[in-house]
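Predicted model, plus sequence, below.
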Amino acid sequence: MSKNPSVELKLPILKNMELIATQTAEVVSKHMALSEEKAGEISMAIIEACINAFEHSNSKEEIFIHFIISEDNLTVKVIDQGVGFDATQVAIPDIDNKLNTTERKRGWGIMLIKELMDYVHFTSDSSGTTLTMVKNKEK
């Protein structure tokens, strides 16, 4: 087996397709002997990342998810071929304002991903976005 085996998924932009990615994450997490807690955090981050890509990228075809397994961590890349965005311009919603209004209780995806994963980085331009997330085995 190669030093850093990987799994690559190509998901059409269809309702609930992110669940395919979470099933893959569960299998990879078991293979890596990650705790249930870490596996759950990875799955939740992947759901948020996929939903963001589906809803905001304006990508018409599909998204790609790469799981890169190493001895120390799991790297997950979520790649779309959409319009791109500036991660520094994404505002985190004010929780008090959201809770006290009828406004939809959404908008925390990026913040949640950053809380769940050990490393998060966005690369984005007009040809698409790559979200790189890392979960360390130890910590």
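Thanks, I have it.

Residue 22: what secondary structure?
helix (DSSP: H, G, I helix; E, B strand; the rest coil).

likewise the one 5 residues further on?
Remark: residue 27 carries the secondary structure label helix [criterion: three-state DSSP].

and it, how many residues sit next to it?
When neighbours are counted by other C-beta atoms under 10 Å, residue 27 registers 12. In this view, the C-beta of every residue, glycine as well, is placed from N, C-alpha and C.

I'd like to know which helix or strand in this protein has the lowest mean pLDDT.
Lowest by mean pLDDT, DSSP states H and E among the helices and strands of the chain is helix 95-99, with a mean of 57.

In PDB, could you pull the C-alpha coordinates for the helix or strand that that helix is followed by?
Following helix 95-99 in sequence order, the next helix or strand is helix 109-116 (DSSP states H and E). Coordinates of each C-alpha in helix 109-116 appear next as PDB, following Å, rounded to 0.1, in the frame of the first residue of the first chain:
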ATOM      1  CA  GLY A 109     -20.900  26.500   8.500                       C
ATOM      2  CA  ILE A 110     -17.400  27.900   8.200                       C
ATOM      3  CA  MET A 111     -17.100  28.700  11.900                       C
ATOM      4  CA  LEU A 112     -18.400  25.200  12.700                       C
ATOM      5  CA  ILE A 113     -15.900  23.600  10.300                       C
ATOM      6  CA  LYS A 114     -13.100  25.500  12.000                       C
ATOM      7  CA  GLU A 115     -14.200  24.400  15.400                       C
ATOM      8  CA  LEU A 116     -14.500  20.700  14.400                       C
END
